[in-house]
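What would the 3D arrangement of this be:
(one chain, ligands or ions: 2)
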Amino acid sequence: MSILDITRVSKTFPGGTVALQATDLKVEENDFITILGPSGCGKSTLLRMVAGLDSPTTGSIELDGTPVTGPGADRGMVFQSYTLFPWLTVLQNVCFGLREKGMTLADQHAVAAGFIAKVGLKGFENHFPKQLSGGMQQRTALARALANDPRILLMDEPFGALDHQTRELMQELLQGIWEAERKTVLFVTHDIDEAIFMGNRVVVMSARPGRIKCDLPVAISHPRH
Ligand code: ADP
Ligand code: ADP
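Ligands and ions are numbered 1, 2, ... in the order given. Have a look, this model is predicted:
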């Protein structure tokens, strides 16, 4: 069974904009799918519906066979704007979801420290977001999403606000984490280089109307070799 099953999903916004038309997508466990397409083709709308932040006009979205009806901890989100809690440190930000799960403080810190190290932020545990560069804030957001151990990671242009060199570093970091941990990832981008560097499948969308035009396997990059 697919982990995520999107079936004949359409989305028309009030006012009549057709953002998405009759879209099918099956995401298998351990897939890292990049969704590539021009601005306005419905990429964010599709991801937001999988996240449960918006709902389809028609069609269905199922995660592990259960219809998606709202946001949930089984989906980890990373947006372009870092969306960290500014009043919490790196460590506290990464612990946030773990605390909600009722984990003891010692366990929260142990789990969080592991993910903070994995994204290369060891030593920055007690920094606040405003003391960090954009890339470091996005590393924190990634660690926070991973720490919750979601079934699927949903990423909407997460590196779009970073400079070119930082973007490439972050792409290599994410690709390496996916290779090491076999996470399932759905990643939206309008950058062709990013879309074909990361992951194992590229889904290409067109804006006229919002629709998947092709779904292709891509050769896996091994940034560390
Ligand atoms: P992308 O992420 O590919 O740039 P979006 O999913 O953001 O595309 O948008 C797809 C289309 O839907 C665009 O025409 C956009 O203007 C429109 N749209 C997105 N969100 C809304 C909204 N909340 N209300 C009305 N139209 C929207
Ligand atoms: P993205 O391409 O990353 O989706 P946008 O600038 O298109 O970024 O959208 C940012 C926010 O504005 C989203 O919440 C989206 O739903 C909303 N939005 C986009 N287009 C419209 C629109 N035509 N009318 C109302 N809201 C919109």
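
residues contacting the residue of the chain found nearest ligand 2?
Residue of the chain nearest ligand 2, by C-beta to the nearest ligand atom: residue 44 (3.1 Å). Backbone N, C-alpha and C define where each C-beta goes, glycine included. Applying C-beta atoms under 8 Å, 6 or more residues apart in numbering, we find residue 44 in contact with 156, 188.

helix or strand right after the strand or helix carrying it?
Secondary structure assigned from DSSP states H and E places residue 44 in helix 43-51. Using DSSP H and E, the helix or strand that follows helix 43-51 in sequence is strand 58-63.

Could you name the helices and strands sitting against that next one?
Packing partners of strand 58-63 (3 or more C-beta pairs under 8 Å, 6 or more residues apart in numbering; DSSP states H and E): strand 4-12, helix 43-51.

most neighbours per residue, which of those?
helix 43-51 (a mean of 23; mean count of other C-beta atoms under 10 Å).

which bits of the protein sit near ligand 1?
With the criterion set to C-beta under 6 Å from any ligand atom, the chain comes near ligand 1 through 13, 15, 17, 19, 37, 39-45, 210.

Closest to residue 87 out of those residues?
residue 44 (27.3 Å; C-beta to C-beta).

Show me which residues of this protein sit near ligand 2.
39, 44, 157.

hmm, try it at 5 Å
Contact residues (C-beta under 5 Å from any ligand atom) of the chain with ligand 2: residue 44.

Which strands and helices lie in contact with the longest helix that the chain contains?
Counting residues, the longest helix in the chain under DSSP state H turns out to be helix 164-181. On a contact count with 3+ C-beta pairs under 8 Å, 6+ apart, helix 164-181 meets helix 134-147, strand 185-189, helix 192-197.

Out of the ones you listed, indicate the one that is most buried.
When those are compared using mean count of other C-beta under 10 Å, strand 185-189 is most buried, at a mean of 25.

Identify all contacting residues around that strand.
Taking C-beta under 8 Å, 6+ apart as the rule, strand 185-189 contacts 4, 27, 31-36, 43-44, 46-47, 50, 152-158, 160, 174, 178, 195, 198-199.

could you give the angle of that strand to helix 164-181?
160 degrees (axes from the mean of the first three to the mean of the last three C-alpha atoms, to 10 degrees).

ok and strand 185-189 relative to strand 4-12, angle-wise?
Going by the same axes, to 10 degrees, strand 185-189 makes 30 degrees with strand 4-12.

in its sheet, what does strand 185-189 sit against?
strand 32-36 (parallel), strand 152-156 (parallel) (DSSP bridges).

Mean pLDDT for those strands - can I get that in TSV?
Listed next are the strands paired with strand 185-189 as TSV, based on pLDDT from 0 to 100:
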stretch	mean pLDDT
strand 32-36	98
strand 152-156	97
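
Would you format the ones you listed as JSON lines with mean neighbour count included?
Listed next are the strands paired with strand 185-189 as JSON lines, based on neighbours: other C-beta atoms under 10 Å:
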{"stretch": "strand 32-36", "mean neighbour count": "24"}
{"stretch": "strand 152-156", "mean neighbour count": "23"}
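
okay, those strands in CSV with distance to residue 8 next?
CSV is the format used below for the strands paired with strand 185-189 (distance: least, C-beta to C-beta, whole Å):
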stretch, distance to residue 8
strand 32-36, 17
strand 152-156, 20
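
For residue 124, find the nearest of the ones you listed.
Judging the strands paired with strand 185-189 by C-beta to C-beta, what sits closest to residue 124 is strand 152-156, at 21.4 Å.
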